[in-house]
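Visitor: following is a predicted model, sequence given first.
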Amino acid sequence: MHGRILRPPGIMDLESTMTTHPADLTHFDVLIVGAGISGIGAAHHLQANLPARTYAILEARDAIGGTWDLFRYPGIRSDSDLHTFGYAFKPWTGDKAIADGPAILAYIEETARENGIDRHIRFGHRVVRADWSSEHAVWTVQVERPARGDTLEMTARWLFCASGYYRYDEGFTPQLRGLERFEGEIVHPQHWPEALDHAGRRVVVIGSGATAVTLVPALAADAAHVTMLQRSPSYVLPLPSRDPIANWLRRIFGDRRGYALARRKNIRRQQLVYGFSRRFPRAARRLIRWVNAKQLEGAAADVDVDFKPSYDPWDQRLCAAADGDLFRELRRGTASVVTDHIETFTEHGIRLRSGRELEADLVVTATELNLLAFGGIELRVDGREVRLPETVAYKGLMLSGVPNFAFSIGYTNSSWTLKVDLVCEYLCRLLAHLDATGHDACVPQLDGELETRPLLDFRAGYVLRSLDAFPRAGDRAPWQLAMSYDADVQTLRRGTVDDGTLRFLDARRPAAEPAPLAA
């Protein structure tokens, strides 16, 4: 049973709208922002655990899938195995564990369709502002609908932001001298033209991250030649696209049980690799170098120049070369790696600081992404603007001083969805606790001094550029964004909901002013 529900004037009682077509409803228990892998997962957890709760998914774009629908560049794929990147409740039955973008998109679409989640999605709905009223314990959400040229006001008891942390309308391109002189084509992977033909052309891919590592072998199949131009190297490891043990487990135990066993196995493997790398970084570097050297035998690349990062393994995420495809193309000579700095673009290519010139017909700027906290939504609590850098993340899923607001940020050292599943489980437990106790709202209350630090302890350039616009993390639990699956299982799945940090509220009892943060 629900606890006491109070609504501001003008909001119809939910019970009186049950026969109304869902598209006409403007009040819900939970509004989910984003119809990507996190948003669809959140909807499933709500349906399964709290079937009496009403919800809608607001998606700014016109399609489901988030990243996996937006990104269309050649070769796009996961950099985590689908037995851990997939949902805990939905077995991945594909033959490949490292799957391509279309297969992942089909998996998300199938999950939404077979659970009836797709009927709850409102496409072309961009959330621009959300105002919390402590008096009524409700969010009032301003939604833009560009296709209709209007705005819509919706209300909800809870707001769950499932938009990740990428800025989807604009990728990052650094200042590149002489760019206007170049007579060829320039494209960013985030905005790959459908009709772009790279066959028989000289291609330079600027970048050394996961996108570049994916693009180079995919383009090399048809291009005249592909050069990966990097300012500094990343760690790259070959990873088999098929998991024979997982496929065997599925044949023996069936899809559901086999998937669960493979998922458990791969979680432990990820933990072992990450733990070893962080505890013994020198040994990890030597091991990765040995693997790279074996893969580069016969290739015109220097393992100690082109594949030797200046940082330790997992200071940034390791790049996966499915079936060693990047190294294969380097051995074949259809692709090459150049480690240098760009001096300037010329009419026919790029001149490097060393004086060398790379001729190109097509340049791909795989130069990372921009970050954007919560999709750029403007948050207000009782008329006061929420300044994100002045908030602290509670258990990596709520914000200090912001009631009935939750968000999902996945792991940076493991599969994204492992974290999201646990966050959604916790949210359902929290909502059930509110029902049981009869409270209308809850807010993480920061008491006393707390030393803060960046929310994401990750040294990738795209993270470091944007961290000042994000919430902070604390120096102790529960104000830390844990990057440990086992720790999160204890905290989010098994830990006590009422842990003394959450303050539970009733409508018409405004929340206290949040305590100031310590530097």
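Guide: Happy to help now that I have it.
Visitor: what ranges do the helices span in the stretch 51-200 of the chain?
Guide: 67-70, 82-85, 101-114 (DSSP state H, counting those that start in this stretch).
Visitor: likewise for the chain?
Guide: Using DSSP state H, the helices of the chain run over residues 37-49, 67-70, 82-85, 101-114, 210-220, 244-253, 255-279, 281-295, 303-306, 325-332, 416-437, 461-464, 485-488.
Visitor: next one: the most centrally placed residue in the chain from residue 349, what distance?
Guide: Residue closest to the average C-alpha location in the chain (C-alpha atoms, centre = their mean): residue 164, at 4.4 Å. The gap separating residue 164 from residue 349 is 35 Å, by C-beta to C-beta, to the nearest Å. No exception for glycine: its C-beta is placed from N, CA and C like everyone else's.
Visitor: where does the chain have low pLDDT?
Guide: 1-23, 169-172, 458-466, 508-519 (pLDDT under 70).
Visitor: domain assignment for it?
Guide: As assigned by automatic domain parsing, the chain contains the domains 25-168+371-505, 173-367.
Visitor: tell me the most buried of these?
Guide: Stretch with highest mean neighbour count among the domains of the chain: domain 25-168+371-505 (a mean of 20; mean count of other C-beta atoms under 10 Å).
Visitor: my guess is residue 60 contacts residue 122, does it?
Guide: No - the criterion here is C-beta atoms under 8 Å, and residue 60 misses it with residue 122 at 10.1 Å.
Visitor: follow-up on the earlier one: quick one: closest of the helices of the chain to residue 133.
Guide: Among these, the nearest to residue 133 by C-beta to C-beta is helix 416-437 (16.8 Å).
Visitor: contact partners for residue 442?
Guide: Taking C-beta atoms under 8 Å, 6 or more residues apart in numbering, we find residue 442 in contact with 403-404, 430, 434, 502-505.
Visitor: got it, and residue 203?
Guide: 219, 223-227, 360-364.
Visitor: swap in 7 Å and give it another go.
Guide: 219, 223, 226, 360, 362, 364 (C-beta atoms under 7 Å, 6 or more residues apart in numbering).
Visitor: among those, which two are most distant?
Guide: Greatest spacing in the contacts of residue 203, by C-beta to C-beta: 219 and 360 (11.9 Å).
Visitor: state which strand of this structure is the longest.
Guide: Looking across the chain with DSSP state E, the single longest strand is strand 150-161.
Visitor: circling back to that earlier point, in strands, which of the contacts of residue 442 fall?
Guide: 502-505.
Visitor: and those as a markdown table, adding distance to residue 114?
Guide: Below are the ones in strands among the contacts of residue 442 laid out as a markdown table (distance: C-beta to C-beta, whole Å):
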| residue | distance to residue 114 |
| --- | --- |
| 502 | 35 |
| 503 | 39 |
| 504 | 36 |
| 505 | 37 |
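Visitor: which one of those is nearest to residue 206?
Guide: residue 502 (46.2 Å).
Visitor: quick check: the closest residue to that closest one other than its chain neighbours vs residue 252, distance?
Guide: Distances taken as C-beta to C-beta, 6 or more residues apart in numbering place residue 442 nearest to residue 502, at 4.8 Å, with adjacent residues excluded. Residue 442 sits at a distance of 45 Å from residue 252 (criterion: C-beta to C-beta).
Visitor: returning to that earlier point: out of the helices of the chain, which comes closest to residue 136?
Guide: helix 416-437 (15.4 Å).
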